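A.B. asks: Build the 3D model from these lines:
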Amino acid sequence: MSMYEKGFPYMVKVKAGETVHLCQCGHSKNPPYCDGAHGAYPSGEPLAYTAQKSETLRICGCGKTGNMPMCDGSHNRS
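C.D. replies: Below is the predicted model:
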């Protein structure tokens, strides 16, 4: 299953100062985290996101967001 076939966001809890590498190519076998699959696809390098505060990130699981890789609620629009 593709990262974007989920149809709704992945919820990722991060702590202040923590860095996560988020998939933007859609081919990771461990979504929403990068596993290096982008090397075989030209569709996107990972985003290294460093949290400024402890929070829960909403990572796109539908592929329709206008703010990749963050969810913008596009999965709710028809």
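A.B. asks: and stretch 8-22, which residues are buried?
C.D. replies: For stretch 8-22, the neighbour count (16 or more other C-beta atoms under 10 Å) marks 9-10, 12, 14, 20-22 as buried. (C-beta placed from N, C-alpha, C; glycine too.)
A.B. asks: could you pull out the strands for the protein?
C.D. replies: Per DSSP state E, the chain carries strands over the ranges 10-14, 19-22, 47-50, 55-59.
A.B. asks: wait, doesn't A51 sit right on L22?
C.D. replies: No: look at A51 against L22 with C-beta atoms under 8 Å: they stay out of range, at 11.6 Å.
A.B. asks: can you list residues touching both of the two?
C.D. replies: Counting by C-beta atoms under 8 Å, 6 or more residues apart in numbering, the common neighbours of A51 and L22 are L57.
A.B. asks: who are the neighbours in contact with G26?
C.D. replies: Applying C-beta under 8 Å, 6+ apart, the residues contacting G26 are 2-4, 41, 43-44, 63.
A.B. asks: Name the residues of stretch 53-71 that are buried.
C.D. replies: Across stretch 53-71, burial judged by 16+ other C-beta under 10 Å covers 57-65, 68-69, 71.
A.B. asks: So E45 versus H38, what's the distance?
C.D. replies: 6 Å (C-beta to C-beta, to the nearest Å).
A.B. asks: who's more crowded, the two?
C.D. replies: The neighbour comparison of E45 against H38 (other C-beta atoms under 10 Å) goes to H38, with 18 against 13.
A.B. asks: Nearest residue to that one in space, please, no chain neighbours.
C.D. replies: Closest residue to H38 apart from its sequence neighbours, by C-beta to C-beta, 6 or more residues apart in numbering: C25 at 4.0 Å.
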